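Visitor: quick one, fold the following:
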Amino acid sequence: MTSRREFIKKSALASALMLGGSKLLSAKKENSGRLPGDVKKPIVLSTWSHGIPANDAAWKVLSAKGRALDAVEQGVMVPEADKTNRSVGLGGLPDRDGHVTLDACIMDEKGNCGSVAFLEGILHPISVARKVMEKTPHVMIVGEGAYQFAMENGFTRNDYTITPEAKEAWEKWKKENNYNPKGDKANHDTIGLIAMDDAGNLSGACTTSGLAWKYHGRVGDSPIIGDGLFVDNEVGAACTTGKGEAVMKICGSMLVVELMRNGRTPQQACEEMIKRMAKKQSDWKDFQVGVLAINRNGEYGAFALQKGFQYALAVDGANKLYDSDYLNK
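Guide: Numbering: from 1, shown residues only. Predicted coordinates for the structure are as follows:
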């Protein structure tokens, strides 16, 4: 007969094994096959081919042991300043009334965030968004208010608000499209950039001139925290690109982060978000959305609705462009 003492010993051992096993399973699920000591950091992940020069600028900050927040800002400032970029910054294509209006947001490892939307005439809206985060009690300032705030905080009006090339394209569009904005799978090249620094902290930035030929006043997902960008330092970060309205309908970036919180790898979370979008939106084959994610372990994921989405990855000193997997095959 088993004594009471032996019974207690066996029960305690069984409980310890169960708890230990539970922790091990939890760790395996959380780390998705990579142990904490193998965390890849720093790491930078960004959308499209203009992510390559953006990543280079971000990497300069990170390789000097800089903060992820500074890295993401410096990174996206590169395409913002590129006059030849037709979807980011003042080089972008205008709305149907001929105005280039800019949207941007930024978020740090502490959950602080700032955003501007429908801003005109400022070269670096991402830096205005950071000022909103750091100097105001607000998250988002838009339109003339955002412009006024920028002027009050040391920014200057740029010497051009639309490039000659963009204006020429707009004049041609007006003649051919009867002043009627239409969707376009190729009209989607926002830059979203997420990064983890050497300290293991995450931040993200997103900036765009928005959908070409849009209705005057239209704002997409890019400056919306939880849609174009979301960062939770305990879990991971995500950013999106593509048709903003489609992302906004499912709170895309926050959804990806929450899926990672519930045990998905970054790749699984990106795929599930895109599949949910397709399930909920019947016209999903007619537009493009891409999504990127990084988790706390330095793992990353990328996925899109359609073929053609590319992302730039900087890690271990290398910065390369990759083709994302996609749903519509």
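Visitor: so what pLDDT did residue 262 get?
Guide: Note on residue 262: pLDDT of 98.
Visitor: what does residue 181 give?
Guide: pLDDT, residue 181: 76.
Visitor: that one against residue 215, yeah?
Guide: Yes: with contact defined as CB atoms under 8 Å, residue 181 counts as touching residue 215 (6.1 Å). The C-beta positions use only the backbone N, C-alpha and C, and glycine is treated the same way.
Visitor: and those two? Which one has more around it.
Guide: Taking neighbours as other CB atoms under 10 Å, residue 181 and residue 215 compare with residue 181 leading, 16 against 10.
Visitor: for that one, which three-state class applies?
Guide: coil (DSSP: H, G, I helix; E, B strand; the rest coil).
Visitor: list the contacts of it.
Guide: Residues in contact with residue 181 (CB atoms under 8 Å, 6 or more residues apart in numbering) are 96, 211, 213-215.
Visitor: repeat that for residue 226.
Guide: 251, 253-254.
Visitor: how close does it sit to residue 52?
Guide: For residue 226, the distance to residue 52 equals 27 Å [CB to CB, to the nearest Å].
Visitor: residue 317 now?
Guide: Relative to residue 52, and taking CB to CB, residue 317 is found at 14 Å.
Visitor: looking at those two, which is more packed in?
Guide: Legend: neighbour count by other CB under 10 Å for residue 317 and residue 52, higher for residue 52 (17 against 7).
Visitor: for residue 176, see how far away the more buried one is.
Guide: Residue 52 is 32 Å from residue 176, by CB to CB.
Visitor: same check on residue 103?
Guide: 26 Å.
Visitor: quick one: neighbours of residue 138, just the number.
Guide: Residues near residue 138, counting by other CB under 10 Å: 12.
Visitor: can you give me the pLDDT of it?
Guide: 98.
Visitor: so it, which of the three states?
Guide: Applying three-state DSSP: residue 138 is coil.
Visitor: can you name the residues that contact residue 52?
Guide: Counted by CB under 8 Å, 6+ apart, residue 52 has contacts 312, 319, 321.
Visitor: related to what we said a few turns ago, shared neighbours, residue 181 and residue 215?
Guide: residue 96.
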